[in-house]
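Visitor: Just the structure for this:
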Amino acid sequence: MDKPKRVRGKFFFLFIAILIFILCFTVRTPRTYRIIPPPHRAPKTCPLQISERSITPLNNTKHLLVSAYMDQRVNGLDVRIIGMFKRDSIQKLHCVFCCAGQLGGTTPGTILEHTDNFGFPYVTTDVMCQIPPNCNATHVSLMTQPGKVWLVDQPWLPIRNKKTNGTEKDKLQFNFTVCISNLFGNYNNVLQFAQTLEMYRLLGVDRVVIYNTSCGPDLDRLLQTYSREGFVEMVPWPIDQHLNPSRGWLFSLSGGDVHYFGQLTTLNECVYRSMDRSRYVLLNDIDEIIMPYKHNNLTSLMDVLQQQHPNTGVYLIENHIFPKKHFEPSGRFHLPQWNGVPGVNILEHIYREDPNRQSYHPHKMIVQPRLVEWTSVHEVLKTYGQQFKVPMDVCRIIHVRHPLRGSLTLEQLNEDQRLWDFEEKLIPSVDKALRRARLLPS
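Guide: Here you go, the predicted structure:
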């Protein structure tokens, strides 16, 4: 009897040992080796994540997306995605569409680098996409590999400028839009900015679009009042959160990732933003006024120019510098209510430099946005119409700033009092704007 008991005891201890071994293996085995649940399939409904930002990083790339617009002017292509791409990392991309809430097919993207980059690593880039058949496209995204759509974290851009059934006249909300890029740093030139906006309002401008990275506190307060009124459209432009933006125009001189806080991209974005809502777009800096000299407003100016040059889509306007170091001697516009307002009083500066026509002389532009494909700062790079240089006696830019030709004496400058023609309406309008912003006492 002792021998069978010993055998049963050995089997019992063997069973216990095996059980302990199994338990230890189960506990110590990593989770990845356990039963793996089936992978989640991408949902068929879309979009799940709509980008409401003005700058959206593109997954698995070094590129940044800005906006998407319907643009069927290029044969066989339907949608233009505007972005900033790193020039040494451009790869094939594929467009994926959301078709009225359902995931559509993918189409190859056509990548178009703009020709102006001034040596910077990032360049304004368009990706052109064809919409798949039977797709009422509302949103678009880009992928580095076709067919692998992971919709949960895929950023979708709404497609703007979708065609309507109305006529062009019905669609156009504005006659004139001014595109200003870019505000950055602690720029706080409040008085000149208020004078410029009110002067544009008197000339017939309906909307001013500003791409704002940062500005001074007083200018920010003024911008907020104009924005609430609807005259100014503020587009947040946090380029410094994504890149090291340059404060200069040439990479070899200033370094950085992208030209002048992304100015080339914002100018192009503003043209497309305005394409289906504005007859004309003015492309100029915040301290520049495109001023007609033979007409009282921009509407009269453009009616005449359009009649004389019916196939023209780009009107080049000469830039003229009014050095802010020279003041008109009477002091009649040194108004006491503006003493505490930061910035330049442009009414006090009436002396104009003659351009040095022996060197490059820049222009700014009035364009018909539907005839523009690509623009740079001083010229349009791709257009569907003709270009015309407007004579300086018809229209020129009033640009009050530090001198460009600093060696010129006061006697060598030209007296130009054009702004004074508007003083009776301009001064009370500026006062009213400053009071609304609580920058003048009520």
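
Visitor: how many neighbours does Asp206 have?
Guide: 18 (other Cβ atoms under 10 Å). The C-beta positions use only the backbone N, C-alpha and C, and glycine is treated the same way.

Visitor: Could you pull up the residues touching it?
Guide: Asp206 makes contacts with 173-177, 278, as judged by Cβ atoms under 8 Å, 6 or more residues apart in numbering.

Visitor: Now with 10 Å, please.
Guide: 173-178, 200, 230-231, 277-280 (Cβ atoms under 10 Å, 6 or more residues apart in numbering).

Visitor: Return the member of those residues nearest to Ser246.
Guide: Closest approach to Ser246 among those (Cβ to Cβ): Val178, at 23.9 Å.

Visitor: hang on, that closest one packs against Met365?
Guide: No. Contact criterion Cβ atoms under 10 Å: Val178 and Met365 do not qualify, at 11.4 Å.

Visitor: Need the overlap of contacts for these two.
Guide: Contacts common to Val178 and Met365, judged by Cβ under 10 Å, 6+ apart, are 280-284, 290.

Visitor: could you redo those residues as a markdown table and give each row pLDDT?
Guide: Output for those, formatted as a markdown table (pLDDT from 0 to 100):
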| residue | pLDDT |
| --- | --- |
| Tyr280 | 98 |
| Val281 | 98 |
| Leu282 | 98 |
| Leu283 | 98 |
| Asn284 | 96 |
| Ile290 | 98 |
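
Visitor: Select from those residues every entry located in strands.
Guide: 280-283, 290 (DSSP state E).

Visitor: Report the residue spans of the stretch 201-350 of the chain with pLDDT below the cut-off.
Guide: Counting by pLDDT under 70, the stretch 201-350 of the chain shows no low-confidence range.

Visitor: For it, just list every one of the strands.
Guide: 207-212, 232-236, 278-283, 288-292, 312-323 (DSSP state E, counting those that start in this stretch).

Visitor: Give me the subset of the contacts of Asp206 lying in helices.
Guide: Applying DSSP state H to these, the entries found in helices are Tyr200.

Visitor: From the contacts of Asp206, list just the buried residues.
Guide: Buried members of the contacts of Asp206, counted by 16 or more other Cβ atoms under 10 Å: 175-178, 200, 231, 278-280.

Visitor: Can I get these in JSON lines including distance to Gly248?
Guide: Formatted as JSON lines, the buried ones among the contacts of Asp206 follow (distance: Cβ to Cβ, whole Å):
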{"residue": "Asn175", "distance to Gly248": "35"}
{"residue": "Phe176", "distance to Gly248": "30"}
{"residue": "Thr177", "distance to Gly248": "27"}
{"residue": "Val178", "distance to Gly248": "24"}
{"residue": "Tyr200", "distance to Gly248": "27"}
{"residue": "Phe231", "distance to Gly248": "31"}
{"residue": "Ser278", "distance to Gly248": "30"}
{"residue": "Arg279", "distance to Gly248": "34"}
{"residue": "Tyr280", "distance to Gly248": "30"}
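
Visitor: Identify the residues contacting Pro245.
Guide: 120, 122, 182, 184, 213, 237, 239, 256-263.

Visitor: can you check Val96 too?
Guide: Contacts of Val96 (Cβ under 10 Å, 6+ apart): 46, 103-107, 109, 129, 132, 139-143, 146-149, 151, 154, 156.

Visitor: Tell me the pLDDT of it.
Guide: For Val96, the pLDDT comes out at 94.

Visitor: What about Cys270, how many residues nearby?
Guide: Number of residues near Cys270 (other Cβ under 10 Å) recorded here: 25.

Visitor: Not including adjacent chain positions, what is the nearest residue to it?
Guide: Cys179 (3.6 Å; Cβ to Cβ, 6 or more residues apart in numbering).

Visitor: Next, work out how far apart that neighbour and Met365 are.
Guide: Distance from Cys179 to Met365, counting by Cβ to Cβ, to the nearest Å: 10 Å.

Visitor: Need the residues touching each of those two.
Guide: Common neighbours of Cys179 and Met365 (Cβ under 10 Å, 6+ apart) are 267, 281-284, 375.

Visitor: which parts of stretch 421-440 are buried?
Guide: Buried, per 16+ other Cβ under 10 Å, within stretch 421-440: 422, 426-427, 429-431, 433-434, 436-437, 439-440.

Visitor: mind putting the residues you listed in CSV, pLDDT and secondary structure included?
Guide: Shown next, in CSV, are those (pLDDT from 0 to 100; DSSP: H, G, I helix; E, B strand; the rest coil):
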residue, pLDDT, secondary structure
Phe422, 98, helix
Leu426, 98, helix
Ile427, 98, helix
Ser429, 98, helix
Val430, 98, helix
Asp431, 98, helix
Ala433, 98, helix
Leu434, 98, helix
Arg436, 97, helix
Ala437, 98, coil
Leu439, 98, coil
Leu440, 96, coil
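
Visitor: what about Phe97, which SS state?
Guide: Under DSSP: H, G, I helix; E, B strand; the rest coil, Phe97 falls in the strand class.

Visitor: Pairing partners for it in the sheet, please.
Guide: Judged by DSSP bridges, the bridge partners of Phe97 are Val140.

Visitor: I figured it hits Thr138, correct?
Guide: Yes. Assessed by Cβ under 10 Å, Phe97 is found in contact with Thr138 at 8.2 Å.

Visitor: Find residues that contact each of those two.
Guide: 46-47, 104, 156, 159.

Visitor: Quick check, central residue of this structure?
Guide: Thr266 (2.7 Å; Cα atoms, centre = their mean).

Visitor: burial count for the closest residue to it other than its chain neighbours?
Guide: Spatial nearest neighbour of Thr266, chain neighbours left out: Ser181 (3.7 Å); criterion: Cβ to Cβ, 6+ apart. As a burial measure, Ser181 scores 28 neighbours (other Cβ under 10 Å).

Visitor: Let the chain start at 47 from now.
Guide: Let's use 47 as the start, then, which means that last one is Ser227.

Visitor: Check Ser227 and give its pLDDT.
Guide: Ser227 is given a pLDDT of 86.

Visitor: How about the secondary structure of it?
Guide: strand.

Visitor: contacting residues for it?
Guide: 255-259, 281, 283, 306-316, 329-332, 423.

Visitor: pretty sure Arg416 is in a strand, no?
Guide: No. Assigned with three-state DSSP, Arg416 falls outside any strand and is helix.

Visitor: from what I can see it touches Met321, true?
Guide: Yes. With contact defined as Cβ under 10 Å, Arg416 and Met321 form a contacting pair (5.8 Å).

Visitor: Mind listing the shared neighbours of these two?
Guide: 117, 218, 327.
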